[in-house]
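J.: quick one: sequence plus predicted model below, questions after.
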Amino acid sequence: MGSHETERSVDLPHLSLNTAPPPETSLQQSPEELKEEQRKIRRLQLMMDMVMSVIGQDGSLTVDEAAEMVADSRRAALAMFPDKELVYNIIYKPRLQRLMRERYRIQ
């Protein structure tokens, strides 16, 4: 099991929500809105890093507790970015699934 930092550099990049909006959406965002979106993205990245660290390092965490943390993190991510479920499923879901398989030897 490697470091999550190493995995991040090898895996897909962190969530980037500014790469796909239509051009007219980008032009309508004010500097304050862009700053707020970047703040939310950073908050999401930190949350997901913390969830993955706890699951990977807490020896007393049961598989049910870890699964609940994963479900809670998904709900929180979609609450912050309701229209970005596909992005979550592409970037974070595979990482969390792999971590759960490795940590709990799930097939």
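T.: Everything's here; your move.

J.: contacts, neighbours, all on C-alpha from now
T.: Fine.

J.: give the other helices and strands that the helix or strand containing residue 50 contacts.
T.: Assigned by DSSP states H and E, residue 50 belongs to helix 31-57. Applying 3 or more Cα pairs under 8 Å, 6 or more residues apart in numbering; DSSP states H and E, one finds that helix 31-57 makes contact with helix 4-10, helix 63-80, helix 85-104.

J.: adding mean neighbour count, write those helices out as TSV.
T.: Converted to TSV, the helices and strands packed on helix 31-57 look like this (neighbours: other Cα atoms under 10 Å):
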stretch	mean neighbour count
helix 4-10	11
helix 63-80	15
helix 85-104	15
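
J.: so for residue 31, which of the ones you listed sits nearest?
T.: helix 63-80 (18.8 Å; Cα to Cα).

J.: how many degrees apart are that closest one and helix 31-57 in direction?
T.: Using axes from the mean of the first three to the mean of the last three Cα atoms, to 10 degrees, the inter-axis angle of helix 63-80 relative to helix 31-57 is 170 degrees.

J.: on that earlier part again, now do the buried residues in the helix holding residue 50.
T.: Buried positions in helix 31-57, judged by neighbour count with 16 or more other Cα atoms under 10 Å: 37, 41, 44, 45, 48, 51, 52, 55, 56.

J.: need those in a markdown table (columns: pLDDT and distance to residue 73).
T.: Formatted as a markdown table, these follow (pLDDT from 0 to 100; distance: Cα to Cα, whole Å):
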| residue | pLDDT | distance to residue 73 |
| --- | --- | --- |
| 37 | 95 | 18 |
| 41 | 97 | 14 |
| 44 | 97 | 9 |
| 45 | 97 | 11 |
| 48 | 98 | 7 |
| 51 | 98 | 7 |
| 52 | 98 | 10 |
| 55 | 97 | 12 |
| 56 | 97 | 15 |
